[in-house]
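Novice: just a sequence and a predicted model for now, questions to come.
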Amino acid sequence: MIIAFEINFHQNSDSLIQEFNLKLFSHFSRQYPNHKFILISNKSTHQELCNLPNQTFIKSISWGLNFINAYLNRLLLFKKHKIDILISDGIYNLNKFKHVKQFHWLNDLKSFKKIETFSKNSYFFCVNEYLISLVEENKVDLKKQATAITPFIEIPQSIKTIENEKKTKEKFSNNKEYFLYNIDPSCNKDEIITIIKAFSHFKKWQKSNMQFVLLIHHKNEEKVKKLIESFKFKDDVTIICENNNTIFFELLSSAYGCIIKNKSIALTEKMFAAIQMNIPVILDENEFYKSSFGEACIYSEMNDLKLSQKLILLYKDEEYREEVIAQTKIFTNKLNWDNVTNQIWSLISAEDKN
């Protein structure tokens, strides 16, 4: 078989699905040397590639720059390389090549309505059961063609060690426990105020040395510092203006708990990192996240009172916190790389019965 992976990296957006598909490409090309694997990507270089004889890399035109040219470019590639199977990181309707078995990632609430026009030879990896239920509610006949697959990126467990935890607390929180919040570049003023107020309610109740670490993008630096100036507990807040995954993982690995707020409802690398490091993480309370993570996360309405109640519960009820951590371990053990890749391979290699 000739199997193509369509992976488009987008600037300033989380790349969970893209990174997962890239690892999947590398894994499959090593595991199945008798098949040919083609990577079609808008990214110039991929260090993850092994330069195996059955691997081909093709630099593609980005969909966002010129959709028509990008579409024609894909059609020519499909014809030239006689592709049998396509695995794409999103929703790209290539109906003109109905003989190609296509698998598309359905990652969020925005994209599921696009699938009504796809051919019978199109299949969908939904990141949770909730998306499949939405497909059925909207009477899109894809019961056999939509499968729930939970993607993930393995986080190096060596990051989370007692020695590293001590170093991180010494460096960022004066050797004290802390809650972590990562302020996204798109985060607005009201959302930042909500988080600060939630921690304020917590401090008024707790009256101890718990710290709050805000990891921010340089775009938010002045705005956040100005808001913190009048904050009663500003001495217990640390602002770090260095928003990248390396520093986030370091801070996360030593955090007492973490709040993750997303502008769009989608799964992110940060969510999976928190769970794999066994850090209690508070997410927005919605069915999408609950379907994805179950009891491995804590859910709250994103207002200051509700958030503060979850922070207080995490701190005062040690049994509750330990149970959340136990659930993160169960979730992580279930999501091992072999299980996920074997499931995907069995789906893409199955004979069509249409």
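Specialist: Received the coordinates, thanks.

Novice: C-alpha from now on. contacts and neighbour counts both.
Specialist: Will do.

Novice: how about Cys187, phi and psi?
Specialist: Note on Cys187: backbone dihedrals following degrees, to the nearest 10 are phi -70, psi 130.

Novice: identify the residue nearest it in space, chain neighbours excluded?
Specialist: Lys263 (7.6 Å; Cα to Cα, 6 or more residues apart in numbering).

Novice: in three-state terms, label that neighbour for me.
Specialist: Here Lys263 is recorded as coil under DSSP: H, G, I helix; E, B strand; the rest coil.

Novice: got it, and Ile3?
Specialist: Relying on three-state DSSP, one would call Ile3 strand.

Novice: and the closest residue to Lys310 other than its chain neighbours, what's its pLDDT?
Specialist: In space, and not counting its chain neighbours, Lys310 is closest to Ser300: 7.3 Å by Cα to Cα, 6+ apart. According to the predicted model, the pLDDT of Ser300 comes to 94.

Novice: so how far is Ile275 from Ser300?
Specialist: When distance is defined by Cα to Cα, to the nearest Å, Ser300 is 17 Å away from Ile275.

Novice: comparing the two, which residue is more hemmed in?
Specialist: Ile275 (23 against 17; other Cα atoms under 10 Å).

Novice: hmm, Ala296 and the more buried one touching each other?
Specialist: Yes. The criterion here is Cα atoms under 8 Å, and Ile275 meets it with Ala296 at 7.0 Å.

Novice: any shared contact partners between the two?
Specialist: With contacts taken as Cα atoms under 8 Å, 6 or more residues apart in numbering, the residues that reach both Ile275 and Ala296 are 328, 331.

Novice: now the spatially most central residue of the chain, nearest residue through space, not along the chain?
Specialist: By Cα atoms, centre = their mean, the mean C-alpha position of the chain lies nearest to Thr268, the distance being 1.8 Å. Nearest residue to Thr268, sequence neighbours excluded (Cα to Cα, 6+ apart): Leu16, at 5.7 Å.

Novice: let me see the contact set for that neighbour.
Specialist: So Leu16 contacts 151-153, 267-269 (Cα under 8 Å, 6+ apart).

Novice: could you identify the most distant pair in these?
Specialist: Put simply, by Cα to Cα the two of the contacts of Leu16 set farthest apart are Ile153 and Leu267, 11.3 Å from each other.

Novice: tell me which of those two has more neighbours.
Specialist: Shown here are Ile153 and Leu267; by other Cα under 10 Å, Leu267 has more neighbours (24 against 20).

Novice: got the phi/psi numbers for that one?
Specialist: According to degrees, to the nearest 10, Leu267 has phi -80, psi 140.

Novice: I'd assumed Asn107 was in contact with it.
Specialist: Yes. Taking Cα under 8 Å as the definition, Leu267 is a contact partner of Asn107 at 7.3 Å.

Novice: doesn't Cys258 belong to a strand?
Specialist: Yes. When three-state DSSP is applied, Cys258 is found to be in a strand.

Novice: my read: it touches Leu180, true?
Specialist: Yes. Cys258 sits in contact with Leu180 when judged by Cα under 8 Å, with a separation of 4.7 Å.

Novice: overlap in contacts of these two?
Specialist: Jointly contacting Cys258 and Leu180 under the rule Cα under 8 Å, 6+ apart are Leu252.

Novice: the stretch 51-200 of the chain: strands as residue ranges?
Specialist: Counting by DSSP state E, counting those that start in this stretch, the stretch 51-200 of the chain has strands at residues 55-59, 85-88, 101-106, 122-126, 146-148, 178-183.

Novice: and of these, who's closest to Gln343?
Specialist: Going by Cα to Cα, the one of the strands of the stretch 51-200 of the chain nearest Gln343 is strand 146-148, 10.0 Å.
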